[in-house]
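Enquirer: dropping a prediction and its sequence here:
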Amino acid sequence: KIAEKFDVVFTTCVLEHISQPLTFLRGLKTCVKPGGILFTAVPDCELGLSIGDISLLAHQHVAYFTRRSLHQLYLKLGFEKIDFTTTGYGWLLYMWGKLPSKDHRLNSANAANVAEEKKLFSRFVQLIPKNMAAIQQRIDRLENQGKSVGIYGAYPFFLSFKWANRPRFFDTDTAKHGKYFLGDEAPIENP
């Protein structure tokens, strides 16, 4: 445990890998001085969820944040003056909030935010089968044309499709080179 308190505690591209983000942020909050700032950067999943982008599931993420869902965590932790910005590239969401100088009652969840998040997730789930079918149709069309398929980003998710000819997988992560997916016969290659 860190006993020292800081004016700013910053985390980037970590929270989406944490299975209990509220618990994790509570721990970070103990490191923030009263009046200090907690700053968090996470992938902004709003667009991906809204269009049913199945590539969201290909990453090693266990949490998928939008502006509303991350804001809810900050509210639950009792931060004030919460603000955010997003990037026009890289799909990053930056959020920060100030820890009050004096203890005060924690904010409760915003019912409108929770309802919007439920609606967004429901839409994502509804779009997955449609998008999976579209990808399978594209695979079938390419293979019927005699084309081979190479996939950058070695994610076993792509093995869930039906392939007449196994795709080749490429990844810049050197730790994956020469390794195999379970049950697959070809190694992951260096691009």
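Expert: Looks like it came in fine.
Enquirer: any idea which helix is longest in the protein?
Expert: What stands out as the longest helix in the chain, according to DSSP state H, is helix 111-144.
Enquirer: where do the helices sit along the chain?
Expert: Ranges of helices in the chain, per DSSP H, are 21-29, 46-51, 67-77, 111-144.
Enquirer: pick the most deeply packed of these.
Expert: helix 67-77 (a mean of 20; mean count of other Cβ atoms under 10 Å). Any C-beta I mention is one placed from the backbone N, CA and C, and that applies to glycine too.
Enquirer: quick one: neighbours of the residue nearest to Gly97 when sequence neighbours are not counted, just the number.
Expert: Closest residue in space to Gly97, ignoring its immediate chain neighbours: Phe79 at 3.1 Å, by Cβ to Cβ, 6 or more residues apart in numbering. Number of residues near Phe79 (other Cβ atoms under 10 Å) recorded here: 23.
Enquirer: so Phe79 makes contact with Lys98?
Expert: Yes: here Phe79 lies in contact with Lys98, judged by Cβ atoms under 8 Å, at a distance of 6.3 Å.
Enquirer: list the residues that contact Cys45.
Expert: Neighbour list for Cys45: Leu56, Tyr64, Phe65, Thr66, Trp91 [criterion: Cβ atoms under 8 Å, 6 or more residues apart in numbering].
Enquirer: average model confidence for stretch 125-143?
Expert: Mean pLDDT, stretch 125-143: 92.
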